[in-house]
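Peer 1: Model the structure of this input:
(one chain, ligands or ions: 1)
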Amino acid sequence: MLRLLRQLTTAPKTPDHLDVVHEGVSYRVLLKRVSGAKRFTLRVRNATRDVVITLPKRGSLASAQDLAQRHAAWIAARLNRVPRAVPFVDGAAIPFKGEDFTIAHIERLRGGVEICASEKIFRASCSQEHLSRRLHDFLKKEAQTALEAAVREHCGSLGFAPRRVTVRDTTSRWGSCSASGALSFSWRLIMAPPFVLDYLAAHEVAHLVHMNHSDEFWAVTKKLAPMTDRAEAWLHAHGSSLHRYGATDEANLIKLK
Ligand SMILES: [Zn+2]
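Peer 2: Below is the predicted model:
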């Protein structure tokens, strides 16, 4: 009776992940229950460097575990093909406005990140534990400044007042324009060459005129950003690699002894 009561009170809740083991290495698989899903899906996401199983509303946890275990070798192979993470640590090479900069860390209690453009160095004065956070904050701020300037310019060309710009860490889109005209972008664009960031700003500003991807929309975008085609090609070829900076491989890979 007590056991039954306990079972009832601790109603089965989908855990947020499960682990599968392949050749002595444990891989974390995130679980997402999607009420509209018709079947189980398993995928490895390059941008977020993780593995996800989506479960239908009534899909059992045992089936998810079975699916993950049957594909353990595939998961391992796919994760090993994801470009290696480049964490924000001393000596790491990080692209900034399309050029390679090196992180030079100076152990200090307080300070911040300074940029030495001539030496292509990010001089970061902070404690070791804050280094990654400081670099993230610094790059986000730089992205915000650059995107605000680009948006202001493109808005000016079209006769609009400047729009508010929000910078996030998005994985599926580089920029977006809401129905109310709020623009948001991935901070990672600050790592790309300036013509790519400029193009994204132009693209989202052009959505203030056309909320679609019609020929008219592209005509406005290309007028604002003549390098649109080159920027699209750059994003296609290199965009996903921007997600490896500041990431760590350890998050989803736990080595078993
Ligand atoms: Zn668009």
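
Peer 1: What part of this protein, helix or strand, is modelled with the least confidence?
Peer 2: Lowest by mean pLDDT, DSSP states H and E among the helices and strands of the chain is strand 253-255, with a mean of 47.

Peer 1: How many neighbouring residues does Leu61 have?
Peer 2: Burial measure for Leu61: 15 neighbouring residues, criterion other Cβ atoms under 10 Å. For the C-beta atoms, the positions are set from N, CA and C on the backbone; glycine is no exception.

Peer 1: Quick one: the helices in the chain, in order.
Peer 2: Secondary structure of the chain (DSSP state H): helices at 2-9, 61-70, 72-81, 131-158, 194-206, 215-224, 228-238.

Peer 1: Output the contacting helices and strands for the last one.
Peer 2: Translated: helix 228-238. Counting contacts by 3 or more Cβ pairs under 8 Å, 6 or more residues apart in numbering; DSSP states H and E, helix 228-238 packs against helix 194-206, helix 215-224.

Peer 1: let's see 6 Å
Peer 2: Here helix 228-238 touches helix 194-206, going by 3 or more Cβ pairs under 6 Å, 6 or more residues apart in numbering; DSSP states H and E.

Peer 1: Output the below-cut-off pLDDT ranges for this protein.
Peer 2: Counting by pLDDT under 70, the chain has low-confidence residues at 1-12, 249-257.

Peer 1: can I see the domain layout of it?
Peer 2: 2-82, 93-244 (automatic domain parsing).

Peer 1: residue closest to the middle of this protein?
Peer 2: Thr171 (3.6 Å; Cα atoms, centre = their mean).

Peer 1: Distance of Arg164 relative to Glu148?
Peer 2: 9 Å (Cβ to Cβ, to the nearest Å).

Peer 1: What of Ser125?
Peer 2: Plainly put, Ser125 is 26 Å away from Glu148 if you go by Cβ to Cβ.

Peer 1: May I have the beta-bridge partners of Ile121?
Peer 2: Thr102, Cys116 (DSSP bridges).

Peer 1: can you check Phe96 too?
Peer 2: In this entry, Phe96 is beta-bridged to Glu99, by DSSP bridges.

Peer 1: thinking again about what came up before, between Arg164 and Glu148, tell me which one has more neighbours.
Peer 2: When neighbours are counted by other Cβ under 10 Å, Arg164 and Glu148 differ, and Glu148 comes out ahead with 18 against 11.

Peer 1: Please identify the deepest-packed of the domains of the chain.
Peer 2: domain 93-244 (a mean of 17; mean count of other Cβ atoms under 10 Å).

Peer 1: How far does it sit from its chain's centre?
Peer 2: Domain 93-244 has its C-alpha centroid displaced from the chain centroid by 12 Å (Cα atoms, centre = their mean, to the nearest Å).
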